[in-house]
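# Here is a sequence together with a model predicted from it:
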Amino acid sequence: MVSNELADKYFGEQNSDSQIVSNVSNQGETLNEITQMNEKFKAKEVVLQIKF
């Protein structure tokens, strides 16, 4: 098992697009409709741009 500290460190080293995809996708689930994931991605991307 990976420690939370190591997982957070790895996550923080990923580019922003990878971080967004990790947040909006349900990893391991079958993706039936990519449009919904794209909409979540765009919304999260806007939020991150506002923060930074």
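Arrived safely, thanks for sending. For clarity, every value in this text was computed on a predicted model and none was experimentally measured.

# so which helix or strand takes in Lys40?
Assigned by DSSP states H and E, Lys40 falls within helix 34-51.

# contacting residues around that helix?
By C-beta atoms under 8 Å, 6 or more residues apart in numbering, the surrounding residues in contact with helix 34-51 are 16-17, 20-21, 23-25, 31. The C-beta positions use only the backbone N, C-alpha and C, and glycine is treated the same way.

# now with 7 Å?
Helix 34-51 has contacts (C-beta atoms under 7 Å, 6 or more residues apart in numbering) with 16, 20-21, 23-25, 31.

# now that we have those residues, which one has the most neighbours?
Highest neighbour count within the contacts of helix 34-51, by other C-beta atoms under 10 Å: Ile20, with 19 neighbours.

# any idea how far that one lies from Glu33?
Using C-beta to C-beta, to the nearest Å, Ile20 is found at 18 Å from Glu33.

# Asn15 too?
Where Glu33 is concerned, Asn15 sits at a distance of 25 Å (C-beta to C-beta).

# Distance of Phe11 relative to Ile20?
Taking C-beta to C-beta, one finds Phe11 at 12 Å from Ile20.
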